[in-house]
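A.B. asks: just the structure for this:
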Amino acid sequence: MTTGVLFDGRVEDVLLGDEVHVAGPTVLSISNGGGLEGARLEIGARTYVGEFNNIRCAGAPIIIGPDCLVSQQCTLVGSNHGTRANELVREQPWHGDGIVIGRDVWIGAGATILPGARIGDGAVIASRSVVRGEVPALAIMAGAPARQVSARINTR
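C.D. replies: Numbering: from 1, shown residues only. The predicted model follows:
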């Protein structure tokens, strides 16, 4: 990691592969709470995480594969608060099962990756997109909510 990274959590809940670069200022919050106790962050080898990112496990795992690019100003959040009307939002239990990002994924600037996202190998997430649910391998996704607009193709 580099300087300017704000880290909140237990070091033993973080696994960084070889040659990982996290540019600062970036927030890495690997905390439990809201009734969830599974916070952990794994970032695969040779992955680059740009500046001004907000990565919050929030009681759930966030796993980023090897050889990925996470551009600047992205938000990755592993869980959400409940939204029942009869309770204050801040007092409701958290829910969510984290995020899994495959290998060789490019996440464009300002993208938001929500709890439950499963992004397949080789996918591209366009700038400012909002991703939830499954993203197929090699898909190019754009929009809010993100939809598949194209796919990476082999040119050899």
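A.B. asks: quick one: the most centrally placed residue in the chain from Gly108, how far?
C.D. replies: Relative to the mean C-alpha position of the chain, the nearest C-alpha, by C-alpha atoms, centre = their mean, is the one of Leu76, at 3.4 Å. Separation of Leu76 from Gly108 (C-beta to C-beta, to the nearest Å) stands at 13 Å. In short, each C-beta sits where N, CA and C put it, glycine included.
A.B. asks: now swap in Ile125 and tell me
C.D. replies: Between Ile125 and Gly108 the distance is 6 Å, computed by C-beta to C-beta.
A.B. asks: of those two, which one has the most company?
C.D. replies: Shown here are Ile125 and Gly108; by other C-beta atoms under 10 Å, Ile125 has more neighbours (27 against 19).
A.B. asks: check the more buried one and give its pLDDT.
C.D. replies: In this model, Ile125 is scored at 98, pLDDT.
A.B. asks: just checking, it touches Val135?
C.D. replies: Yes: taking contact to mean C-beta atoms under 8 Å, the distance of 7.4 Å between Ile125 and Val135 places them in contact.
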